[in-house]
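> Attaching a predicted model along with its sequence, questions to come.
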Amino acid sequence: MERSTVQREYILKEVSSRADHPGAFDIYKSVKVSLPNISLATVYRNLNRLAKEGRVTKITLPDEPERYDHVSESHFHLLCECCGLLFDIPESGGLFLIIDEWIAKSKRKFFFTGGVFRGVCPDCAGKSKNCFTPAAPDDNLKSNKEN
């Protein structure tokens, strides 16, 4: 592991203090208050290093900037189609058990990268917003006829 830097520690502290799964630019704006000379490139470089070290998780969403999570335990996310917030969904074991059984039976190798469900959060649902428009199925999600 490379030596820690002041910038990296500030970036890690910022990600760890937030539950909103910030993007690199959000982290940059917050850290820049304490470190006015930090660049956006430095934030990206350090976020990638922290993700590689397993200290943060990079969440990749189609057609959106990557976001970062400090929770290291496997869990899912809900992306609200109305407000854009990304929420943690704690995993109680059920879905992971089903996935683990399928992987074991199929004798395939997989790794978890942080599943994202799309929907409407409770706040937006309570406001009767009609903004949920499911995305078109991705080619990667088409059924596999080899099952």
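On my side now, so go ahead. Residues are numbered from 1 along each chain as shown.
> Next up, phi/psi of the closest residue to residue 34 other than its chain neighbours, please.
Of all residues not flanking residue 34 in the chain, residue 10 sits nearest, at 6.1 Å (Cβ to Cβ, 6 or more residues apart in numbering). To be clear about C-beta, it is placed using only N, CA and C from the backbone, and glycine gets the same treatment. Main-chain torsions, residue 10, degrees, to the nearest 10: phi -60, psi -40.
> Tell me the predicted confidence for the most centrally placed residue in the chain.
Compute the mean C-alpha point of the chain, and by Cα atoms, centre = their mean the closest residue is residue 59, 2.8 Å away. As predicted, residue 59 sits at a pLDDT of 86.
> Check the one 10 residues further on too.
Residue-level confidence at residue 69 comes out at 90, pLDDT.
> so residue 97 sits in a strand?
No - applying DSSP: H, G, I helix; E, B strand; the rest coil, one finds residue 97 to be helix, outside a strand.
> which residues sit in contact with it?
If a contact means Cβ atoms under 8 Å, 6 or more residues apart in numbering, then residue 97 has no contacts.
> Run a quick neighbour tally on the residue nearest to residue 34.
20 (other Cβ atoms under 10 Å).
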